[in-house]
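Student: Pasting the sequence and the predicted model now:
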Amino acid sequence: MKKLSFRVKITLWFSFITAFIIAVTFGVIFRVSNAVTQKNIQDNLIEITEANTDEIKYKDTIDDTWEIQDDQYIKYGDGYLEIDDDFLDIVNGIYSALYYETGTLLYGENPLAKINADIPFSDNTVQTVNFEGTEYYVFDRPISGDGTDGLWLRGIVSENQGTQQLDRIVSLSSVALPALLILAVLGGYWIAGRALKPVYKITEAATKISQGNDLNKHIESGKGTDELHRLVDVLNDMISRLNKAFKKEQQFTSDVSHELRTPMSVITAQCEYTLESTRTQEEYEDALRVIQRQGRKMSRLIDDMLCFARLDGNKDSYPKEKINLSMLVTDICDDMSLLKTNHIVLSRDIQPDIYIFGNSMLISRMITNLISNAYRYGKKDGKIFVKLSCSDEVLLSVEDNGIGIPAELHEKIFERFYRADESRSTEGTGLGLAMVKDIAAYHGGSVEVNSENKKGSTFFVHIPK
């Protein structure tokens, strides 16, 4: 069963259910038809027996001939019984017999003659009698009137009288119902194939994608709103997102390789140059400073990469808790205001007692990156202004009056390894603003920039309460 295709499995289940329904329908038809037939047989028995009671009359005298006007005359008591000749006919398999109340046959036919004496007379009641494996219906009526007292009219009919009609029903059903089952199975197989057509396309497309590693291909399923078409839409959307993620990871890997290659090349070149010959103490110290600087850059780069990997892959690496954001921002501003890089002055406006649900280490890193970025791209004797407020949401802004960012670069600066000013490429890893964006998103927020070239920039971080 496990090796069968889904289409065959559906068809088999459909066939089983259809066969079961047909079998039940046949059983119901047979039982109902049999019940109706037996009811009709009993009704005919009663009707004909009742009618025959009117065919028996008593006469005091008759002509010399025993047959007059096709009627039968039987001596009874002081007179005669006149019986219509039609009484002799077997109507619809129903036998009629006239009896003395003692059980002695007076006139007519009775297929139960051998056991008739064992069947007591019962007025206006249909009795069921089994004789030689066959069920018979027996209906009795007393004959009442002048001179006919003491007589009983008995009607007898076999329950098999209606078998011809049932046989026709069974014969017709035995042909029609299997034919209907075959048509239903073929139709079910065809319908299952049509319904599963998108699944075949999904399988085919997935195979091609797997063989060719091409995530640009989409599954074509045509128009439709059923479950399979919705599944195709979801899969296409998933493939698109996987393709974007795959390209993003490829680009990230390429960028990381490029960023690591530079400091490694500098370190290697510096080592080779220094070891070529004997150097002075000052030259050795200069070489070590270069190696130290490049090593720190690589360390920062690796640290940032690990942070990205944890944010993307394992959210539990940075558990959240209730933190006092006002106090955290104040402490960071106090510490970083001591840098005084290029005589830049850092000031702040912090609304007290603002709390959020987040990770303090990530939030600290986000704020530090924004302020460090403002220092890096600020101008001499410039200013940095940090503001924290809360109304419908928590809003953190970091403003500077540095070199600014052209409008066409506002989106690109949040990409990994992108630098707006390549002349300062050695001062950072190119991951600061990308990390700010990811940390804000991790806390359910967002980041945006408002900047004008050569006039400064303001970064806004929106975080839910």
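Tutor: That came through, no problem. Numbering: from 1, shown residues only.

Student: Tell me where the longest strand sits in this structure.
Tutor: Criterion DSSP state E: the longest strand present in the chain is strand 134-143.

Student: Which secondary structure elements does the helix or strand hosting Cys333 sit against?
Tutor: Here Cys333, judged by DSSP states H and E, is contained in helix 325-336. Contacting helix 325-336 under the criterion 3 or more C-beta pairs under 8 Å, 6 or more residues apart in numbering; DSSP states H and E are the following elements: strand 345-350, strand 355-358, helix 360-376, strand 383-390, strand 394-400. C-beta: built from backbone N, CA, C; applies to glycine.

Student: can I get those in JSON lines with mean neighbour count, distance to Gly445 and mean pLDDT?
Tutor: Listed next are the helices and strands packed on helix 325-336 as JSON lines, based on neighbours: other C-beta atoms under 10 Å; distance: least, C-beta to C-beta, whole Å; pLDDT from 0 to 100:
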{"stretch": "strand 345-350", "mean neighbour count": "15", "distance to Gly445": "18", "mean pLDDT": "93"}
{"stretch": "strand 355-358", "mean neighbour count": "19", "distance to Gly445": "9", "mean pLDDT": "92"}
{"stretch": "helix 360-376", "mean neighbour count": "20", "distance to Gly445": "10", "mean pLDDT": "90"}
{"stretch": "strand 383-390", "mean neighbour count": "19", "distance to Gly445": "13", "mean pLDDT": "94"}
{"stretch": "strand 394-400", "mean neighbour count": "22", "distance to Gly445": "8", "mean pLDDT": "94"}
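
Student: Mind jotting down where the helices sit in the stretch 51-200 of the chain?
Tutor: 163-195, 197-212 (DSSP state H, counting those that start in this stretch).

Student: buried ones in the shortest one?
Tutor: Neighbour counts over helix 197-212 (16 or more other C-beta atoms under 10 Å) mark 198, 201-202, 205, 209 as buried.

Student: Point to the helix or strand of this protein where mean pLDDT is at its lowest.
Tutor: strand 67-68 (a mean of 48; mean pLDDT, DSSP states H and E).

Student: Which elements pack onto the helix or strand that Met305 is a member of?
Tutor: Assigned by DSSP H and E, Met305 belongs to helix 281-313. For helix 281-313, the elements it packs on are helix 227-275, helix 432-442, judged by 3+ C-beta pairs under 8 Å, 6+ apart.

Student: one step back: would a markdown table of the helices and strands packed on helix 325-336 with distance to Ala287 be doable?
Tutor: Shown next, in a markdown table, are the helices and strands packed on helix 325-336 (distance: least, C-beta to C-beta, whole Å):
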| stretch | distance to Ala287 |
| --- | --- |
| strand 345-350 | 35 |
| strand 355-358 | 43 |
| helix 360-376 | 26 |
| strand 383-390 | 35 |
| strand 394-400 | 35 |
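
Student: which one of those lies closest to Phe417?
Tutor: helix 360-376 (14.4 Å; C-beta to C-beta).

Student: could you check the angle strand 345-350 makes with the closest one?
Tutor: Using axes from the mean of the first three to the mean of the last three C-alpha atoms, to 10 degrees, the direction of helix 360-376 lies 140 degrees away from that of strand 345-350.

Student: For Tyr100, give me its contacts.
Tutor: With contacts defined as C-beta atoms under 8 Å, 6 or more residues apart in numbering, Tyr100 is in contact with 106, 150-152.

Student: State the distance from it to Asp381.
Tutor: According to C-beta to C-beta, to the nearest Å, Tyr100 and Asp381 sit 144 Å apart.

Student: now do Ser451
Tutor: As judged by C-beta to C-beta, Ser451 and Asp381 stand 20 Å apart.

Student: go on, Trp152?
Tutor: From Trp152 to Asp381 the distance is 136 Å (C-beta to C-beta).

Student: Just want to know which of these two has more residues nearby.
Tutor: Neighbour count, other C-beta atoms under 10 Å: between Trp152 and Asp381, Trp152 has more, with 20 against 10.

Student: Spit out the contact partners of the more buried one.
Tutor: 98-101, 121, 140-143 are the contacts of Trp152 under C-beta under 8 Å, 6+ apart.

Student: just the buried members of those?
Tutor: Among the contacts of Trp152, those classed as buried by 16+ other C-beta under 10 Å are 98-99, 121, 140-141, 143.

Student: Spell out the secondary structure type for Val447.
Tutor: strand (DSSP: H, G, I helix; E, B strand; the rest coil).
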